[in-house]
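Trainee: need a 3D model of the following:
(chains A and B, ligands or ions: 2)
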Amino acid sequence: MSTSLHHVPSPAQRARDAYRQRQTVLSVLVAAASTAAVGTLLAVAVTGAPGWERVRQTFLDPEIAREALPRVLTGLWLNVRLLVFCAVAALLLGLLIAILRTLRGPIFFPIRALAASYTYVFRGLPLIIVLYVLTLGTPGLRLQGMPSVLVLGGAALVLTYSGYLAEVFRAGIESVHPSQLAAARSLGLTYRQTVRHVVLPQAVRRVAPPLLNDIVALQKDVGLVALAGPIDAVRAAQIATAQTFNYTPYIVAGVLFVLLAIPLIAVTDRVTLRAARRQSGG
Amino acid sequence: MDALLRCRGLRKEFGGQVVLDGLDLTVAEHQVVALIGASGSGKSTLLRCVNLLEELHDGTIELDGEEISAPGVDSDWVRRRIGLVFQSYNLFPHLSVLDNVTLAPRRVHRRPRAEAEAHARELLDRVGLADKADAYPDRLSGGQQQRVAIVRALANSPRLLLLDEVTSALDPELVGEVLTMIRDLKADGMTMLLATHEMAFARDVADQVCFLDAGRVVEAGPPEQVFAAPTQPRTRQFLARIIEAGRL
Ligand SMILES: Nc1ncnc2c1ncn2[C@@H]1O[C@H](COP(=O)(O)OP(=O)(O)O)[C@@H](O)[C@H]1O
Ligand SMILES: [Mg+2]
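Mentor: Ligands and ions are numbered 1, 2, ... in the order given. Sure thing, here's the model as predicted:
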């Protein structure tokens, strides 16, 4: 209804507006009714199942949930700190490696080759193996000033994820059309200035959605450091479960993880949507 | 008149295909030289070579009597004195009009932001784009984008402006505004080398017309001579085709 302030809609337009409004109300009602029907069916099917009472006691005990919550939250705080540190470090390292891979000229051949091997190795290696090698293997060297297991675990996450992120960044860099480089160079910008002011800003904008998607994945994988000892949310839930012989703490941890992920996923969705809209020229 | 640009024996190949084949060309200061010729005759390649965006396979290019094609010459420094405007505008989509125009003055010439922006606004104002300074390129019409691209090249205060079919991507009703801008630049004394399909425009604005064929300048002269009394059979053939297409 893009009518200006002084425009009086014709009877035809008024009829159209009224019709559209009725349609909107109708579709909201239909959506609500069908959601209610599906929800009821699901609830009846689950709660009516023969084993429902047992499952409810072992997975959804409110008392146990209340008891486990503080410990699981403490563990989750570790996840959050690790996530923030690892995400920032992996993004920076990934960007650096992607830039190194695009350097031209024979002098940079060894650097290019090293950067390429890096992405091959760390995308190929299972995260668990990197984690075990760093957290269990390197302390065995008994070097002076060896960092804590937590830092080593974080390093393993950064190494693996920067391998993925580097490839996403590289795809973005390569998606910038050569005519953009020609335009920048024709203005007298050096290669470095061109990369810094013309290529990277466009590349990063274009790959923001897949980058954020990898960060969402990282959010779940930070919990793997628990394999080396530190107590994260899942490990805290596991300990609580072992003490009570009840699985409810896992459900608590799962719910908290989803709650934690929602803001990040929402941001990713919005960025993706905006990128899609920009691409379609809107 | 002093030669501002002098190309001698330029040769350029793409994978064995000879695109420039011993091409000679001179552009005097304050002169406008139009390059005409069939698609694929090497006009764009010539302009890119002059801007040192392509590696030469033979020949020399002099700007202001100094060989810019010599080994070891800082090509970034050369490009700062030669502006190039592309057929497809190539504005930077992530930067506003003002930032497009001030990028080189600020990063290349290290001008303070305020000074670069004041100069850019003045240039934009002169071509009637002052109100678009904060807009992004995708909000502009093709004609406006191309005028911004020309302003962006001018912000470097180049000695020579290269224009590669700057109106070919435009809707017919937008061609005029860009051509008017080029006419104004000529009036200001800007030296220009331009490839064009607009024969009427070439006849009107150029001091010298060069007909390119198979990587050489086959015929060169004042427009009235090249268009009215071409001496070379290839030029006559080309012009006959153009007339047939109703473009002269
Ligand atoms: N980067 C390139 N790689 C391979 N061939 C090219 C390249 N650029 C131009 N050519 C070829 O060079 C010839 C001349 O092209 P161009 O200079 O664009 O002609 P014009 O601008 O006169 O239409 C064409 O045959 C084209 O296919
Ligand atoms: Mg061309």
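Trainee: any regions of the stretch 51-200 of chain A where pLDDT drops low?
Mentor: Across the stretch 51-200 of chain A, nothing is flagged by pLDDT under 70.
Trainee: how about the residues of it by chain B?
Mentor: With the criterion set to Cβ under 8 Å from any Cβ of the partner chain, the stretch 51-200 of chain A comes near chain B through A:179-180, A:182-190, A:193, A:197-198. For glycine as for every other residue, the C-beta is placed from the backbone atoms N, C-alpha and C.
Trainee: 7 Å instead, please
Mentor: For the stretch 51-200 of chain A, the residues in contact with chain B (Cβ under 7 Å from any Cβ of the partner chain) are A:179-180, A:182-183, A:185-190, A:193, A:197-198.
Trainee: bridging residues for the residue sitting nearest the centre point of chain B?
Mentor: By Cα atoms, centre = their mean, the mean C-alpha position of chain B lies nearest to B:L163, the distance being 1.7 Å. Beta bridges link B:L163 to B:V85, B:L194, judged by DSSP bridges.
Trainee: please name the residues that touch it.
Mentor: By Cβ atoms under 7 Å, 6 or more residues apart in numbering or on different chains, B:L163 lies in contact with B:85, B:182, B:192, B:194.
Trainee: quick check: phi and psi on the residue of chain B positioned farthest from its centre?
Mentor: Distance from the C-alpha centroid of chain B peaks at B:A114, with 28.7 Å (Cα atoms, centre = their mean). Dihedral angles of B:A114 (phi, psi; degrees, to the nearest 10) stand at phi -60, psi -40.
Trainee: could you pick out the longest helix of chain B?
Mentor: helix B:172-187 (DSSP state H).
Trainee: where along chain B do the helices fall?
Mentor: Under DSSP H, chain B gives helices at B:43-50, B:75-79, B:97-107, B:113-126, B:142-154, B:172-187, B:199-205, B:223-228, B:233-244.
Trainee: can you tell me how far the residue of the stretch 151-282 of chain A found nearest ligand 1 is from A:T47?
Mentor: Residue of the stretch 151-282 of chain A nearest ligand 1, by Cβ to the nearest ligand atom: A:P178 (9.1 Å). From A:P178 across to A:T47, the span is 62 Å (Cβ to Cβ, to the nearest Å).
Trainee: check contacts around A:I215.
Mentor: A:87, A:264.
Trainee: residues contacting A:V195?
Mentor: Per Cβ under 7 Å, 6+ apart, neighbours of A:V195: A:I99.
Trainee: wait, a helix at it?
Mentor: Yes - per DSSP: H, G, I helix; E, B strand; the rest coil, A:V195 lies within a helix segment.
Trainee: look up how far A:L103 lies from it.
Mentor: 9 Å.
Trainee: check A:V225 too.
Mentor: On the measure of Cβ to Cβ, A:V225 and A:L103 end up 33 Å apart.
Trainee: so the two - more neighbours on which side?
Mentor: Neighbour count, other Cβ atoms under 10 Å in any protein chain shown: between A:V225 and A:L103, A:V225 has more, with 26 against 14.
Trainee: okay, and the closest residue to that one other than its chain neighbours sits in which element?
Mentor: Using Cβ to Cβ, 6 or more residues apart in numbering or on different chains and skipping the chain neighbours, the partner closest in space to A:V225 is A:G153 (3.4 Å). Using DSSP states H and E, A:G153 maps to helix A:149-175.
Trainee: packing partners of that helix?
Mentor: Helix A:149-175 sits against helix A:62-102, helix A:109-124, helix A:127-132, helix A:200-221, with contacts defined as 3 or more Cβ pairs under 7 Å, 6 or more residues apart in numbering or on different chains; DSSP states H and E.
Trainee: send the alpha carbons of the helix or strand following it over as PDB?
Mentor: Moving toward the C-terminus from helix A:149-175, the next helix or strand (DSSP H and E) is helix A:178-186. Extracted in PDB, the C-alpha atoms of helix A:178-186 (Å, rounded to 0.1, in the frame of the first residue of the first chain):
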ATOM      1  CA  PRO A 178      39.300  -9.400 -12.000                       C
ATOM      2  CA  SER A 179      37.900  -6.200 -13.400                       C
ATOM      3  CA  GLN A 180      37.800  -4.900  -9.800                       C
ATOM      4  CA  LEU A 181      41.500  -5.500  -9.500                       C
ATOM      5  CA  ALA A 182      42.100  -3.900 -12.900                       C
ATOM      6  CA  ALA A 183      40.100  -0.800 -11.800                       C
ATOM      7  CA  ALA A 184      42.100  -0.500  -8.500                       C
ATOM      8  CA  ARG A 185      45.500  -1.000 -10.200                       C
ATOM      9  CA  SER A 186      44.600   1.500 -12.900                       C
END
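Trainee: give me the contacts around helix A:178-186.
Mentor: Residues contacting helix A:178-186 (Cβ under 7 Å, 6+ apart): A:194, A:198-199, B:51, B:53, B:79, B:84, B:86, B:88, B:90, B:92.
Trainee: likewise stretch B:56-75?
Mentor: With Cβ under 7 Å, 6+ apart, stretch B:56-75 has contacts from B:4-13, B:49-50, B:52, B:78, B:81-82, B:159-160.
Trainee: now check it, is it near ligand 1?
Mentor: No - judged by Cβ under 6 Å from any ligand atom, stretch B:56-75 makes no contact with ligand 1; its nearest approach is 12.6 Å.
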